[in-house]
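Participant: please work out how this folds:
(chains A, B, C and D)
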Protein chains: 4
Amino acid sequence: MPLSEELIQPWLDRRRPGASRHTTQRQEADAVRILSGTFEGVTTGTPISLMIENTDQRSKDYGEIARTFRPGHADLTYHLKYGVRDYRGGGRSSARETAARVAAGGVARQVLAALAPEVRITGYMVQMGPKRIDRSRFDPEEIGRNDFWCPDPVAAPEWEDYLNWLRKDDHNSVGAMVEVVASGVPAGLGAPIYGKLDSDLASAMMSINAVKGVEIGEGMAAAALTGRENADEIFLDGGELAFGSNRAGGILGGISSGQDIVVRFAVKPTSSILSPRRSIRMDGSPAEVVTKGRHDPCVGIRAVPVGEAMMALVLADHLLLDRGQTGGVRGRIG
Amino acid sequence: MPLSEELIQPWLDRRRPGASRHTTQRQEADAVRILSGTFEGVTTGTPISLMIENTDQRSKDYGEIARTFRPGHADLTYHLKYGVRDYRGGGRSSARETAARVAAGGVARQVLAALAPEVRITGYMVQMGPKRIDRSRFDPEEIGRNDFWCPDPVAAPEWEDYLNWLRKDDHNSVGAMVEVVASGVPAGLGAPIYGKLDSDLASAMMSINAVKGVEIGEGMAAAALTGRENADEIFLDGGELAFGSNRAGGILGGISSGQDIVVRFAVKPTSSILSPRRSIRMDGSPAEVVTKGRHDPCVGIRAVPVGEAMMALVLADHLLLDRGQTGGVRGRIG
Amino acid sequence: MPLSEELIQPWLDRRRPGASRHTTQRQEADAVRILSGTFEGVTTGTPISLMIENTDQRSKDYGEIARTFRPGHADLTYHLKYGVRDYRGGGRSSARETAARVAAGGVARQVLAALAPEVRITGYMVQMGPKRIDRSRFDPEEIGRNDFWCPDPVAAPEWEDYLNWLRKDDHNSVGAMVEVVASGVPAGLGAPIYGKLDSDLASAMMSINAVKGVEIGEGMAAAALTGRENADEIFLDGGELAFGSNRAGGILGGISSGQDIVVRFAVKPTSSILSPRRSIRMDGSPAEVVTKGRHDPCVGIRAVPVGEAMMALVLADHLLLDRGQTGGVRGRIG
Amino acid sequence: MPLSEELIQPWLDRRRPGASRHTTQRQEADAVRILSGTFEGVTTGTPISLMIENTDQRSKDYGEIARTFRPGHADLTYHLKYGVRDYRGGGRSSARETAARVAAGGVARQVLAALAPEVRITGYMVQMGPKRIDRSRFDPEEIGRNDFWCPDPVAAPEWEDYLNWLRKDDHNSVGAMVEVVASGVPAGLGAPIYGKLDSDLASAMMSINAVKGVEIGEGMAAAALTGRENADEIFLDGGELAFGSNRAGGILGGISSGQDIVVRFAVKPTSSILSPRRSIRMDGSPAEVVTKGRHDPCVGIRAVPVGEAMMALVLADHLLLDRGQTGGVRGRIG
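Facilitator: Residues are numbered from 1 along each chain as shown, chains lettered A, B, ... in the order given. Sure, this is the predicted structure:
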């Protein structure tokens, strides 16, 4: 399988801080280096090891944070669990960690290119704080034109004004909702009970920093539906399987149906803000926490390429698993 | 560790079909038998194997279903993946499968009793189709008094009327939202990046039949919040860690904080309904599907003890993992 | 994949106690029952669960053993580790446990039949206590003709006399050396470092009850060789890869070469003998242990079908893994 | 847990090539660098990543080897499996790979120091080619005094002469037998059937480059013993468990008994020798292979610290697992 730094780096560049005014101004090269697993531009079948070194980290930013717990941050639980934590940038709870996911996603995309070349993965933001997109204005071309992966050309400039105000005047941050769609996914990925595709996607998306909820297809809204409304009717259209709707989000019984796989996840607002919040120090004394470092006012923006990477990783994993099964015989229709 | 059928059976009896008019009228004894792993009432340290045999299964119910795909059901994807499927009761996609989860949850509760006896797990329904509970009327005593695990004494009879109408007159089914709360969970369960507690809970809940979304704490609503709103402020209260709120749902950075763990999941309406839906047969011919078998109008009801069991399993798993760590030294405050 | 009890049972019958005078006289039906994973005679892709119930177990045999540790037996370590043990037949340390391995091996053989039908697995004994076979008399037809899987027609009756004397007159037991050969194994099974085929075979064989050593190809004798002696020279023979010898036992760098895979393992003598041995009871008091139960004088005999089953399981596992790899491109020669 | 490069490096220095005339003359600094998992000299509970960079690698040495398969080497099987291989130093089949094992062993020793500080691991060579040690001359002090980890002061100089002749005059290499003993291991490590300690040790040792056989305690020789000879009699000695012998090598039923754990493994002679051997090239043409690179005449020498490291890794793994069990209740005697 072809693999080189050149094939992974572009995905990292999409996620990179400093790419716009609206993400943290840290200048990280985020240059990936392949340590093992390839030889002369192709994989050798041995484990692939990638390394991204941190280049810009001003340790002076982390003085007070070394002693105080930021409300809503992993500071506290890392301390409770381990008694020691790497407070520089939050250690492993830092959003920096997601760079590794995007790099791994680059490898997964090579697997997809080899095994299911028709797969296309598209992520975008459908909500920033109280502001949602209008789906009637959905334009896939718009996604790459603004700094927010926003598919709604009317919402995009409104989001920009809102985020500027939030950061400069309100000293605040805001949550977001990200949607990731995979089209061209072959039917049959996933397995009953253990290794369900939806269960693996939920695990993958929930493991992204700051994510608090994951839904597939109709998602949480399915609770309000009746059986008649929810059933995606099935047809044959020119000999091909077709559906009247996609409320299932492309997954039935933990297995892909061939429809688009649609996943949404909610990203909470970053807990590092300039507004003071009450907390305590390691010695138990009360403290007012104000985070002065360079932090994203909306970490959801950077979560878009991360969500795409997690989708690629889960699909690649199942495609590889699937080729390992005995049968290979697929059910036919008609 | 003490373990016997008597310690597991009560949990199964809570989930059992036929327990009320509102769940399927199949009469299943759901009697659990411990095949291995115990000797004279205590575990021997060897793998525990449980078996629940099906007793009531009228195969005549499954005639047409053997050839036709129910819209919104795993029939189709099982066929696409494997080319062969056990159509009796949906095979492994049957809600029967959750009996095994509840039995395993009974074992997990024994682990909790040994390692963290203060843990209490409570599940209930917060929404049935369009009808939600009013949280101001929340009464934990009410949960066990009605057939719906409904904690709102006003909503419970309304839900009953609605479900009766849905089943008898509308020939329909309906979705639900289940909330599971674990209190008394020690801080420090979970791990950064791999083995995050929230990621494992998302995977566990999403793997339950018919679940389409999972959220923790504020969940999907976190997308609409600002950083000031979302931060759970931290205090010391009589030397004990205390929080101003629990928007995080008890988990920060993938690790439990000691607050209540709050998980919600959406259950879609069962796809087996008496109302006709358009579909196709295995030979590709169009069909109208009407499911005449005995099916739950709201599978969310039976999902409540299943969600509790999954919570018990994830917590027990992390408690066991945690005891395997080198340190054991926990961070102190004050 | 076709699978039924009829396809598994014959393998179990080969291992069954009571099959000859030289193995334990317990009468076990060893009837296997498939609990899950098949439907109408083929596998459904879901986990396969097999059950073999114990039918003949006279609990009166285990009186003194419940309190005393047999020298060389797992009695002691099970007690030390768990503080409780199922002393009936040794619990999970009983040779009964290997029935499950042979049943699982039956499933593995179906995988082999589907993915690598040319594979043939042959096990036999090359040594019983001090008595070794003469390889110049090796006759594959002889293996099934005697009660010892002995391939040497001269040694077989000598072994019979020896074993009769050992059991009746000497009240003793004896060790054995088993060799398992797999021919027709495709090149390329196994992986570098993690998942080495030789490492997995060593783990599998050493996990069999009473096995104390495992070797591949030249094995322990390789320590005495020089590089010139040990190198298996490589040729092309009619366009096919050929070798001057097979000191490597079919595995180079953890990957199969296409040559016969040759594994040997040593089985210690059973520790349950009629001759008194000094030991202690659970209360620490000294005891003389004499095991009166029905036990094999040479457990190595029954280890032959178990070793074959483990070979089948490891090969099937690697064949399935291998089909899950991206490339599938194999190196060509010439 | 304390961890720093200073705690790992000494173990690497023991294995390092160039340490004596008798191992390859490549000058590798083998300097380990901890990439992650520690902060201010202690572990943070997050994954520990170590890196050892290659510094001395003359690529000109690998010209002909890139096209030809060395008999007895992984060249061939890597090519057959993957169609591409990193021929520089044998890629992942290089003995360089064992440096990573020794570094990981350094981490494992810190785990042992924390959880079972009384454990001592000692490796040595008991055989080099046809020459064995005389156990009556066994002197633990001698092991570190010669270049061969030889515990027999009479054998050591003989081995030196033999190896000099083999390398300079005979242009040959030779196999070896390594023994690793762990004393002070607590009883109760390992589990029945899955996770047997002997099975894990067999897997670990067999996974070392060039190892062809593994045995525990009496090992392959157990095949020749009778039950009376093989049973290690049990006593109480001053209230402590004591044994009349240690034929079991410290493991009964897959679980440690508290006796010394004794493992031996055979290392085949390196296949890279100056004497010509017949083979073929990738294009199928016949070739005479003479390996001119700098190679160990007896790789068994460097396998001694590797075997120690594998013992440390397996024991540390089981100690961590064991602390994860529910019970913790151990059986008492007396």
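
Participant: helices or strands next to the longest helix along chain A in the packing?
Facilitator: Longest helix in chain A by number of residues, with DSSP state H as the criterion: helix A:300-323. Packing partners of helix A:300-323 (3 or more C-beta pairs under 8 Å, 6 or more residues apart in numbering or on different chains; DSSP states H and E): helix A:5-15, helix A:97-115, strand A:120-128, strand A:176-183, helix A:197-206, strand A:261-267. Every C-beta, even on glycine, is put in place using the N, C-alpha and C of the backbone.

Participant: show me what counts as buried in that helix.
Facilitator: By neighbour count on 16 or more other C-beta atoms under 10 Å in any protein chain shown, the buried set for helix A:300-323 is A:300-320, A:322-323.

Participant: next one: stretch A:41-61
Facilitator: A:Val42, A:Thr43, A:Thr44, A:Gly45, A:Thr46, A:Ile48, A:Leu50, A:Ile52, A:Asp61.

Participant: from what I see, the third one and D:Tyr82 are in contact.
Facilitator: Yes - counting by C-beta atoms under 8 Å, A:Thr44 sits close enough to D:Tyr82 to count as a contact (5.9 Å).

Participant: could you pull up the residues touching A:Met220?
Facilitator: Taking C-beta atoms under 8 Å, 6 or more residues apart in numbering or on different chains, we find A:Met220 in contact with A:Gly213, B:Met177, B:Lys212, B:Gly213, B:Glu215, B:Gly219, B:Met220, B:Arg264, B:Ala266.

Participant: buried subset of those?
Facilitator: A:Gly213, B:Met177, B:Lys212, B:Gly213, B:Glu215, B:Gly219, B:Met220, B:Arg264, B:Ala266.

Participant: dump these to JSON lines, plus pLDDT.
Facilitator: As requested, these are exported to JSON lines (pLDDT from 0 to 100):
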{"residue": "A:Gly213", "pLDDT": "98"}
{"residue": "B:Met177", "pLDDT": "98"}
{"residue": "B:Lys212", "pLDDT": "98"}
{"residue": "B:Gly213", "pLDDT": "98"}
{"residue": "B:Glu215", "pLDDT": "98"}
{"residue": "B:Gly219", "pLDDT": "98"}
{"residue": "B:Met220", "pLDDT": "98"}
{"residue": "B:Arg264", "pLDDT": "98"}
{"residue": "B:Ala266", "pLDDT": "98"}
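
Participant: looking at these, spot the one nearest chain D.
Facilitator: A:Gly213 (25.4 Å; C-beta to the nearest C-beta).

Participant: you'd agree the closest one is in a strand?
Facilitator: Yes - according to DSSP: H, G, I helix; E, B strand; the rest coil, A:Gly213 belongs to a strand.

Participant: identify the residue spatially nearest to it, adjacent ones excluded.
Facilitator: Excluding the flanking residues, the one nearest A:Gly213 by C-beta to C-beta, 6 or more residues apart in numbering or on different chains is B:Glu215, at 3.3 Å.

Participant: surely that neighbour touches B:Arg264?
Facilitator: Yes - applying C-beta under 8 Å, one finds B:Glu215 in contact with B:Arg264, separated by 5.2 Å.

Participant: follow-up on the earlier one: filter the buried residues of stretch A:41-61 down to the ones near chain D?
Facilitator: A:Val42, A:Thr44, A:Gly45, A:Thr46 (C-beta under 8 Å from any C-beta of the partner chain).

Participant: what average pLDDT does stretch A:110-125 get?
Facilitator: Averaged across stretch A:110-125, the pLDDT comes to 94.

Participant: equivalent analysis for stretch A:283-301, please.
Facilitator: The predicted model gives stretch A:283-301 an average pLDDT of 85.

Participant: over to stretch A:197-206?
Facilitator: 97.

Participant: do that stretch and chain C meet at all?
Facilitator: No - using C-beta under 8 Å from any C-beta, stretch A:197-206 stays clear of chain C, coming no nearer than 14.1 Å.

Participant: give me the residue from the stretch 1-150 of chain A nearest chain B.
Facilitator: A:Ala74 (2.3 Å).
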